[in-house]
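In: fold the following, please.
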Amino acid sequence: MREALIHELISRRKLHLCTALKFVHSIDAAEDVLQNTALKCLSGPPQTLPEQPGRYVTRMVRNAAVDYLRKNRKEIATPFEDESQLATAGTTPLCGQTCLERRQELMSVANALSALPQRKRDAFLRHRLSEVPQKQIAEELNVSRTLVNFMIKEVQNSCADALAVN
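Out: Numbering: from 1, shown residues only. Here you go, the predicted model:
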């Protein structure tokens, strides 16, 4: 069973490499993904051979690429030439930029919320932040639950639009 999966990985290596490359955008990273997939095939193959080993290995490569991205997304690239400059700075240059971007996103959402009618805004905030059930909000506003659901969706879409513009 291991042999069949490894054979699939090796015989269609270029295809699997391209699959990984779509996610990680680096040939070296894609090679790492294939190596991790091969190790996974050797260490823990499925109990029974899949009906379509090609698709199974392709899914393994895709999952390994996503895992690789998740792991490396936490790492922050710095333009410093050496580590001593980073240590003396005490923080990365991206910290302030990230904080500013998040603050601008928050302001965009707050502005979008303030532009909406009070009743819609209140229904949205009570449901999303205070976790008040839509049924209770509908009873208090003396409207249907469907209307409350539409109000919440409209506010959510307005916030999403404000973030997309930002």
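In: number of residues surrounding D28?
Out: Number of residues near D28 (other CB atoms under 10 Å) recorded here: 8. Just so you know, the C-beta spots here come from the backbone N, C-alpha and C atoms, and that holds for glycine as well.
In: so it, which state does it fall into?
Out: helix (DSSP: H, G, I helix; E, B strand; the rest coil).
In: so what's it scoring on pLDDT?
Out: At D28, the predicted lDDT confidence score is 89.
In: from F23, how far out is the residue nearest the centre of the chain?
Out: By CA atoms, centre = their mean, the mean C-alpha position of the chain lies nearest to R70, the distance being 8.3 Å. Applying CB to CB, to the nearest Å, the value for R70 to F23 is 11 Å.
In: for T37, same thing?
Out: From T37 over to F23 (counting by CB to CB), the distance is 12 Å.
In: looking at those two, which is more packed in?
Out: More crowded of T37 and F23, by other CB under 10 Å: T37, with 25 against 19.
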